[in-house]
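Novice: Any chance you could fold what I've pasted below:
(chains A, B, C and D)
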Protein chains: 2
Amino acid sequence: MKTTGEILRESREKKGLLLRHVSALLDIDTAILSKIERGERKATREQINKLAEILEINKESLIVQYLSEKILYELKDEDLGIQALKVAEKTIKYGVTKNK
Amino acid sequence: MKTTGEILRESREKKGLLLRHVSALLDIDTAILSKIERGERKATREQINKLAEILEINKESLIVQYLSEKILYELKDEDLGIQALKVAEKTIKYGVTKNK
DNA sequence: TTTAATTTGACAATATTTGTCAAAAATAGA
DNA sequence: TCTATTTTTGACAAATATTGTCAAATTAAA
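Specialist: Numbering: from 1, shown residues only, chains lettered A, B, ... in the order given. Sure, this is the predicted structure:
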């Protein structure tokens, strides 16, 4: 499975766009976009939306990949990550929302 | 399934401890512990460790519940949460770690 | 009823994230 | 080659989010 960064870089290059072009549309420095594409930084949720539009990427698949990386980042030092994911999944499915 | 806050409050009361006692051991104000138990605030990872010890709660189950709430918090406004969880789960299982 | 415990909310301190900038490194044409 | 352009790097600044204190209000219980 491709990382978010890989998807973004490949899509940008396929369109013949430079970091300069895309980062201008996102209103950020090229340095950040460079880091996002190489997985050194995470994009913001808003940037993901914009990038899907600019690069004409399937929005859903991009978001799913992005979110899954965000989750994995939270769990990166945890031994019980898989169990936590399973509990989270069940909770979503059963539509339980006790907390504020 | 009980929330982290419910587990903490019930365990504390079962031991006959006051917020004052436990929050002193955690070195925080009672106000925060009160909020944590009612789900208004999240505990830190360190506080969870300490609380498991102080209240003699099964550490693994407390951590799993805590982490799953953290994940759900990230996904609370997302339509594609379940898909993201599934991708994350597969990624952990296959041991893929491309990003820094 | 009054003492102790808990809750509430404003806001302060701290930590994390997101960004800029300038210079270095890599890449591509002439 | 050489030299323009693009990309990458890393130090640091700005913005945002999290975690905390405090004092007063509310609730519970002696």
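Novice: so what's A:Arg20 up against?
Specialist: Residues in contact with A:Arg20 (Cβ atoms under 8 Å, 6 or more residues apart in numbering or on different chains) are A:Thr30. C-beta: built from backbone N, CA, C; applies to glycine.
Novice: what does the one 4 residues further on give?
Specialist: The neighbours of A:Ala24, taking Cβ under 8 Å, 6+ apart as the test, come to nothing; the list is empty.
Novice: how much space is there between it and A:Glu10?
Specialist: Distance of A:Ala24 to A:Glu10, given as Cβ to Cβ, to the nearest Å: 20 Å.
Novice: what's the answer for A:Lys86, then?
Specialist: The value you get for A:Lys86 to A:Glu10, if Cβ to Cβ is used, is 32 Å.
Novice: Is there contact, residue-wise, from the lengthiest helix in chain A to DNA strand D?
Specialist: Of all the elements of type helix in chain A, the one with the most residues (DSSP state H) is helix A:59-74. No. Using Cβ under 7 Å from any atom of the strand, helix A:59-74 never reaches DNA strand D; the gap is at least 10.9 Å.
Novice: Name the residues that touch that helix?
Specialist: A:1-4, A:7, A:42-43, A:45, A:48-49, A:51-53, A:81, A:85, B:67, B:70-71, B:74-75, B:78, B:80-81, B:83-85, B:87-88, B:91-92, B:99.
Novice: Buried ones among these?
Specialist: A:3-4, A:7, A:42-43, A:48, A:51-52, A:81, A:85, B:67, B:70-71, B:74-75, B:78, B:80-81, B:83-85, B:87-88, B:91-92, B:99 (16 or more other Cβ atoms under 10 Å in any protein chain shown).
Novice: Pull out the buried positions in stretch A:4-19.
Specialist: Those would be A:4-9, A:11-12, A:19, for stretch A:4-19 by 16+ other Cβ under 10 Å.
Novice: what are the ranges of the helices in chain A?
Specialist: A:4-14, A:19-26, A:30-37, A:45-55, A:59-74, A:81-93.
Novice: I'd like these as TSV, with distance to B:Glu37 and mean pLDDT appended.
Specialist: Listed next are those as TSV, based on distance: least, Cβ to Cβ, whole Å; pLDDT from 0 to 100:
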stretch	distance to B:Glu37	mean pLDDT
helix A:4-14	37	98
helix A:19-26	41	98
helix A:30-37	38	98
helix A:45-55	30	98
helix A:59-74	22	98
helix A:81-93	19	97
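Novice: for these, which one sits closest to DNA strand C?
Specialist: helix A:30-37 (3.2 Å; Cβ to the nearest atom of the strand).
Novice: Please see if that closest one touches chain B.
Specialist: No. Counting by Cβ under 8 Å from any Cβ of the partner chain, chain B has no neighbours in helix A:30-37; the shortest distance is 9.6 Å.
Novice: thinking again about what came up before, now, which of the buried residues of stretch A:4-19 sits nearest A:Asp29?
Specialist: Of all the buried residues of stretch A:4-19, A:Leu19 has the smallest distance to A:Asp29: 9.4 Å, by Cβ to Cβ.
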